[in-house]
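1. here is the input, now give the coordinates:
(one chain, ligands or ions: 1)
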Amino acid sequence: MQIMIINGPNLNLLGKREPEVYGNTTFETYLSQLQADYPEVQIDYFQSNIEGEIIDKLQEVGFSFDGIILNAASYTHTSVGIGDAVKAITTPVVEVHISNTHKREDFRHISYISSGAKGVILGFGLQSYELALRSFLG
Ligand code: CA2
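-> Modelled structure (predicted):
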């Protein structure tokens, strides 16, 4: 089982800025624990602040991997291009968010990803990623 986690802009700052919203664990620390907890799964990770790089990664893995866990961060609410890429690939995508975007500003209530996603998990902190992973394990 090959799973790719893709994180969008500013998520490289997790654990380093705004801990009241996003917690105080870095993604690298969380990922190491996730990989240790699920040794039977190959969990790859990619983060970019650049829209086109996220689209390139979706196209690169999106016809061979078993699942993609995508937190497109702010691009969730703006990017027709990432939304189109999610629809164009064959690997199922689970959209995740750390925060409950529906409890936040109105502009965060729109997602260009959800209509092409297999499902959406939001509001559970970093645990959102593990819940998404488990959804692929059946
Ligand atoms: O809750 C989520 O996972 C979001 O995708 C996070 C995005 C936000 O734009 C979405 O509306 C919801 C923002 C990620 C920024 O991450 C930071 C982490 C630490 C410090 C500052 C930003």
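2. mind listing the helices for the chain?
-> 19-22, 27-37, 51-61, 80-88, 127-137 (DSSP state H).
3. now the first one: buried residues?
-> Right, the one you point to is helix 19-22. Residues Tyr22 are the ones in helix 19-22 that count as buried (16 or more other C-beta atoms under 10 Å). To be clear about C-beta, it is placed using only N, CA and C from the backbone, and glycine gets the same treatment.
4. before we move on, what about stretch 58-75?
-> 58, 61-62, 65, 67-73, 75.
5. next one: stretch 101-108
-> Quick answer for stretch 101-108 (16+ other C-beta under 10 Å): 101, 108.
6. then stretch 111-130?
-> Of all the residues in stretch 111-130, those buried under the rule 16+ other C-beta under 10 Å are 111-113, 116-117, 120-122, 124, 126, 128-130.
7. pull up the residues of this protein that are close to the ligand.
-> Neighbours of the ligand within the chain, by C-beta under 6 Å from any ligand atom: 10-11, 13-14, 17-18, 22, 71, 73-74, 76, 97-99, 101, 108.
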